[in-house]
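**Student:** got a predicted structure here, sequence first:
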Amino acid sequence: MVKSYKDLIVWGKAMDLVEEVYRLSVRFPKEELYSLSNQVRRAVVSVPSNIAEGQARQSKAEFLNFLSMAQGSLAEVETQLLLAIRLGYLLESDAQKAMQLREEISKMLTALRTKLTTPQLTAGH
């Protein structure tokens, strides 16, 4: 039974992604401090934040909505990392761990959303 968002594996993975993206974004040029660097950091922080807020609301509909927002933020992070690669701020190999985590989290969010929308069988049926 999940008592807290901290019990969700997907939240922990999202926190790992935040750490990884912060490590990567310090490599961006100083002139990107208030643009791409800030934008990717805000997007990645919103992933575990939305998971936490949605779970804390204790409403299935709201939780699903916040999981959808987390999924959208993951797409933002991917786009911004791809842009950083295209601009030469990162090598593809540098971003590989973050991209793998992003993919894993996306699959976990999809599975969690599916579980929340699938009618559960009751015991004995």
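**Tutor:** That came through, no problem. For clarity, every value in this text was computed on a predicted model and none was experimentally measured.
**Student:** tell me the contacts of the residue nearest to the spatial centre of the chain?
**Tutor:** Most central in the chain under Cα atoms, centre = their mean is Val47, positioned 3.7 Å from the mean C-alpha point. Counting by Cβ atoms under 8 Å, 6 or more residues apart in numbering, Val47 touches Ala14, Leu17, Val18, Ala70, Ser73, Leu74, Val77, Ile105. (Glycine included, C-beta is placed from N, CA and C.)
**Student:** what does Ala98 give?
**Tutor:** Applying Cβ under 8 Å, 6+ apart, the residues near Ala98 are Leu17, Glu20, Val21, Leu24, Val77, Leu81.
**Student:** now do Val45
**Tutor:** Contacts of Val45 by Cβ under 8 Å, 6+ apart are Val18.
**Student:** next one: it from Tyr22, what distance?
**Tutor:** 9 Å (Cβ to Cβ, to the nearest Å).
**Student:** which residues touch stretch 25-40?
**Tutor:** Applying Cβ under 8 Å, 6+ apart, the contact partners of stretch 25-40 are Val21, Arg41, Glu76, Val77, Gln80, Leu81, Leu83, Ala84, Leu87, Tyr89, Leu90, Asp94.
**Student:** how near is the first one to Ser37?
**Tutor:** Relative to Ser37, Val21 is positioned 10 Å away (criterion: Cβ to Cβ).
**Student:** what about the nearest residue to Ala43 once chain neighbours are set aside, which helix or strand?
**Tutor:** Nearest in space to Ala43, with sequence neighbours left out and distances taken as Cβ to Cβ, 6 or more residues apart in numbering, is Glu76 at 4.0 Å. Secondary structure from DSSP states H and E places Glu76 in helix 60-86.
**Student:** buried ones in that helix?
**Tutor:** By neighbour count with 16 or more other Cβ atoms under 10 Å, helix 60-86 contains the buried residues 63, 66-67, 69-71, 73-74, 76-78, 80-81, 84-85.
**Student:** average model confidence for stretch 106-116?
**Tutor:** Taken as a whole, stretch 106-116 carries a mean pLDDT of 96.
**Student:** quick check: buried residues in that stretch?
**Tutor:** Ser106, Met108, Leu109, Leu112, Arg113.
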